[in-house]
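>>> No letters, just coordinates:
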């Protein structure tokens, strides 16, 4: 019975507050949520940028003893690559050749 009484009292108190006060409370609460959320997100991003490392630098430190390697080679001119791409399929793009 005491719980129902408290619920009714709370409902009456809400109905007595003005619309402008409720709207301002909602706006201030939303702004606070977004401001603090943005601060947290930017802080985490800054921390991530400070402590993360470049994976290519890690690869170069290991040298040639790595299990996997990346090859950067000049094989042909762009025009030759385009000719090969067009010979594979009519609508193929240059990127399709590099992915293959």
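The structure has been received and is ready for your questions. Note that this is a predicted model, so its numbers are computed, not measured.
>>> Could you use CA atoms for every contact and neighbour count after this?
Noted.
>>> From the centre of the chain outward, give me the first residue you hit.
residue 45 (10.1 Å; CA atoms, centre = their mean).
>>> Now for that residue, which secondary structure element holds it?
helix 19-51 (DSSP states H and E).
>>> which helices and strands sit right next to that helix?
Where contact means 3 or more CA pairs under 8 Å, 6 or more residues apart in numbering; DSSP states H and E, helix 19-51 is not packed against any helix or strand.
>>> I'd like to know how far the residue nearest to the centre of the chain sits from residue 17.
Distance of residue 45 to residue 17, given as CA to CA, to the nearest Å: 41 Å.
>>> Angles on the backbone of residue 54, please.
Here is the backbone geometry of residue 54 (degrees, to the nearest 10): phi -80, psi 120.
>>> State the number of residues packed around it.
Residue 54: 7 surrounding residues under other CA atoms under 10 Å.
>>> How far does the helix holding residue 45 sit from its chain's centre?
17 Å (CA atoms, centre = their mean, to the nearest Å).
>>> coming back round to it: tell me the confidence at the residue nearest to the centre of the chain?
The per-residue pLDDT reported for residue 45 equals 95.
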